[in-house]
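**Q** below: sequence and its predicted model.
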Amino acid sequence: MRVRVAPSPTGDPHVGTAYMSLFNLAFARKQGGQFVLRIEDTDRARYVADSERQIFDTLRWLGLDWDEGPDKGGPYAPYRQSERFDTYQAHVDRLLADGTAYHCWCTTERLAQMREEQQRAKLPTGYDRLCHGKSREERAALPGFSERPVVRMLIPADAPLMFTDVIRGEIKAPRPDDQVIVKADGFPTYHLANVVDDHEMAITHVVRGEEWISSTPKHLLLYDWLGWTRPAFAHMPLLRNTDKSKISKRKNPAARLLWFREQGYLPEALVNFLALMGYSQPDGEEVFSFSEMVVHFDWSRVNTVGPVFDLDKLGWLNGHYIRELSVDDLAGRVTDHLALTGVLPEPPTDEQRAIVRAATPLVNERMQVLAEAEGMLGFLLVDDGAFAVETEDAAKVLTADAAPVLQAAVEVLAQLDDWDSAAIERVLRVALVEGLGLKPKVAFGPVRVAVTGRRVSPPLFESMELLGRDRSLHRLQAGLTVTQAGAGG
Ligand code: GLU
């Protein structure tokens, strides 16, 4: 049993690549088969240089590792289609000799005009076979001739449109047009390269997205024409936005696999979430690991009604996984995330790591995604010179009314011997709540804003303990200056 995922490096990786990899890999692990990563880079016009590396990185980050691939090699190397061009030509020659494929010299202008006329006459659109059966010379005598031909499949009237899908059972696809299999630049198209490679790489099950169902009849024909055994096909449902439209990078940031990493979703949460897309465990359990998925994996558990990509659900799952982590593990991931987003340098210093480690127990219950750490912990990590009250909303707290509060806070804290959260709380309560007769919220609000720069922060006294005496007093003093300036004076 051999399966593959075959992404095209046309931009930063699509979430669908992870989705397909997950189901291919779960099936391979369940059956003891091999999972192949093949890079389908025959479309040079859409090729993006860094995309292949991003595909490797994001799939590895998710733990969806492959057995054979461009970076790993394997018995069927090379695994990059651009390195396999020699392989395709012999098969094309054979199809041309058999008459199942033919050259087409029509210019793009002629094809566009033909399509327009068909549409105007309300006819089905498709290639009109002007070139079929003609020699180069015969065709050259007619208008709309281009020097460099493409190669097309001659789709017969009785093309096989029905096939058995592993997930969907018997299905019928629409009749294809005379598909181009070699472009004018001599490069094979997806359809040819994909079939040749699946055959040569001994792929037994083609597991891919629903959008390829309509291409399957062409692929079946190529297998038949070349005298090869057809693999089994399993078409997974398309992931959909909450409005049921297809997930695309244009409309939904979550179509980008890198987005999940930038937002600070944990890979295990995203894998679990993707596994819930159109799939369920026997007990209906919603929280499960990849290995638990493998134990029960079966195609009969896939539901083909387009699963909705519900980010609230992912947020919930992610919060769950965050709370399952040990403090050390979570602190490490928070640190990595802060470095990924540029809040900390790469690599972070030991001191920065220690601060994040000490602060993690203050925030682990509150976090849904790691990106929230920046807002919650940024005040501990920023240089005092760069520290500023962050929002207008927070700045409003530092008015003239707050001056006596900060003044009193500075006085008692400057004299405090033990700088720990309990002692800080005790003296502030005595000075501000009892001494000035303020409600706790009114008393501690300005202190919080002065020290953390925000109206909402991790627990205040613990935060001040972590920040240390000097830095806390420095910020309170700076806050006091702001309030006094506001008072006109
Ligand atoms: N290169 C195709 C893609 O990017 C692969 C489709 C298939 O799995 O056959 O989706």
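**A** Cool, the structure landed.

**Q** what is the least confident helix or strand in the protein?
**A** Within the chain, no helix or strand scores below helix 392-395, which has a mean of 87 by mean pLDDT, DSSP states H and E.

**Q** which SSE is immediately downstream of that one?
**A** From helix 392-395 onward toward the C-terminus, using DSSP states H and E, the following helix or strand is helix 403-414.

**Q** re earlier: how distant is the least confident helix or strand of the chain from the center of its chain?
**A** Distance of helix 392-395 from the chain centroid (Cα atoms, centre = their mean, to the nearest Å) equals 35 Å.

**Q** for that helix, which positions count as buried?
**A** The neighbour-count check on helix 392-395 (16 or more other Cβ atoms under 10 Å) flags 394-395 as buried. Every C-beta, even on glycine, is put in place using the N, C-alpha and C of the backbone.

**Q** kindly report the same for stretch 102-113.
**A** 102-106, 110-111.

**Q** not counting its own residues, what contacts that stretch?
**A** With contact meaning Cβ atoms under 8 Å, 6 or more residues apart in numbering, stretch 102-113 is reached by 96, 114, 127, 130-133, 136, 139-140, 143-147, 149-152, 154, 178, 180.

**Q** among the residues you listed, which ones are in helices?
**A** 96, 114, 136, 139-140 (DSSP state H).

**Q** could these go into a markdown table alongside neighbour count and pLDDT?
**A** Converted to a markdown table, those look like this (neighbours: other Cβ atoms under 10 Å; pLDDT from 0 to 100):
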| residue | neighbour count | pLDDT |
| --- | --- | --- |
| L96 | 14 | 98 |
| M114 | 17 | 97 |
| R136 | 12 | 98 |
| R139 | 20 | 98 |
| A140 | 12 | 98 |
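
**Q** now for these: which two are most distant?
**A** Greatest spatial distance in those: L96 and M114, 22.8 Å, computed using Cβ to Cβ.

**Q** using the three-state scheme, assign the closest residue to the ligand within the stretch 101-250 of the chain.
**A** Residue nearest to the ligand within the stretch 101-250 of the chain (Cβ to the nearest ligand atom): R208, separated by 3.4 Å. What DSSP: H, G, I helix; E, B strand; the rest coil gives for R208 is strand.

**Q** where does the prediction get shaky in the chain?
**A** Within the chain, the segments meeting pLDDT under 70 span 486-489.

**Q** give me every residue in it lying close to the ligand.
**A** Within the chain, the positions near the ligand by Cβ under 6 Å from any ligand atom are 6-8, 40, 190, 194, 208, 212.

**Q** which SS class is the closest residue to the ligand within the stretch 351-489 of the chain?
**A** Nearest residue of the stretch 351-489 of the chain to the ligand: V369, at 28.2 Å (Cβ to the nearest ligand atom). Three-state assignment for V369 (three-state DSSP): coil.

**Q** need phi/psi at it.
**A** phi -130, psi 150 (degrees, to the nearest 10).

**Q** residues contacting the residue in the stretch 301-450 of the chain that the ligand sits nearest to?
**A** Residue of the stretch 301-450 of the chain nearest the ligand, by Cβ to the nearest ligand atom: V302 (16.0 Å). For V302, the contacting residues are 23, 167, 236-237, 278-279, by Cβ under 8 Å, 6+ apart.

**Q** let's see 7 Å
**A** 167, 236, 278-279 (Cβ atoms under 7 Å, 6 or more residues apart in numbering).

**Q** N24 touches Q34, doesn't it?
**A** No - using Cβ atoms under 7 Å, N24 is not in contact with Q34; the gap is 10.3 Å.

**Q** where do the helices of the stretch 1-150 of the chain begin and end?
**A** 15-31, 51-61, 85-98, 108-120, 136-140 (DSSP state H, counting those that start in this stretch).

**Q** deepest in the core, which of the ones you listed is it.
**A** Comparing the helices of the stretch 1-150 of the chain by mean neighbour count (mean count of other Cβ atoms under 10 Å), helix 15-31 comes out on top with a mean of 23.

**Q** next, the angle helix 51-61 makes with that one.
**A** 50 degrees (axes from the mean of the first three to the mean of the last three Cα atoms, to 10 degrees).

**Q** which residues touch helix 15-31?
**A** Counting by Cβ under 7 Å, 6+ apart, 1, 3-5, 7, 34-35, 55, 58-59, 62, 64, 205, 207-209, 236, 239, 247, 254-255, 257, 271, 274-275, 277, 293-294, 297 sit against helix 15-31.

**Q** can you classify the closest residue to E292 other than its chain neighbours as helix, strand or coil?
**A** Excluding its sequence neighbours, the residue lying closest to E292 (Cβ to Cβ, 6 or more residues apart in numbering) is Q281, at 7.2 Å. Recorded secondary structure, Q281: coil (three-state DSSP).

**Q** from D128, how far out is the residue nearest to the residue of the stretch 351-489 of the chain closest to the ligand when sequence neighbours are not counted?
**A** Leaving aside its chain neighbours, V369 sits nearest to G264 (4.2 Å; criterion: Cβ to Cβ, 6+ apart). From G264 across to D128, the span is 54 Å (Cβ to Cβ, to the nearest Å).

**Q** looking at the two, which is more packed in?
**A** Counted by other Cβ atoms under 10 Å, G264 and D128 do not tie: G264 has more neighbours, with 23 against 16.

**Q** how much space separates the closest residue to L239 other than its chain neighbours from H14?
**A** Spatial nearest neighbour of L239, excluding adjacent residues (Cβ to Cβ, 6+ apart): I247 at 4.7 Å. I247 sits 8 Å away from H14, going by Cβ to Cβ.

**Q** overlap in contacts, these two.
**A** By Cβ under 7 Å, 6+ apart, I247 and H14 have these common neighbours: A255.

**Q** re the thing from before, out of the contacts of V302, who's the most crowded?
**A** M236 leads the contacts of V302 on contacts (other Cβ under 10 Å) with 25 neighbours.

**Q** beta partners for it?
**A** G209 (DSSP bridges).

**Q** can you give me the strands for the stretch 151-300 of the chain?
**A** 162-165, 169-172, 180-182, 205-209, 232-236 (DSSP state E, counting those that start in this stretch).

**Q** could I get the contacting residues of T483?
**A** With Cβ under 7 Å, 6+ apart, T483 has these contacts: 398-400, 402-403, 406.

**Q** can I get the contacts of V302 in CSV including distance to N318?
**A** CSV is the format used below for the contacts of V302 (distance: Cβ to Cβ, whole Å):
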residue, distance to N318
I167, 28
M236, 23
G278, 20
Y279, 19
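
**Q** of all these, which two lie farthest apart?
**A** Within the contacts of V302, two members stand farthest from each other by Cβ to Cβ: I167 and Y279, at 10.4 Å.

**Q** ok, back up a step: now render the strands of the stretch 151-300 of the chain as JSON lines, adding distance to R469.
**A** Putting the strands of the stretch 151-300 of the chain into JSON lines (distance: least, Cβ to Cβ, whole Å) gives the following:
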{"stretch": "strand 162-165", "distance to R469": "68"}
{"stretch": "strand 169-172", "distance to R469": "71"}
{"stretch": "strand 180-182", "distance to R469": "73"}
{"stretch": "strand 205-209", "distance to R469": "59"}
{"stretch": "strand 232-236", "distance to R469": "58"}
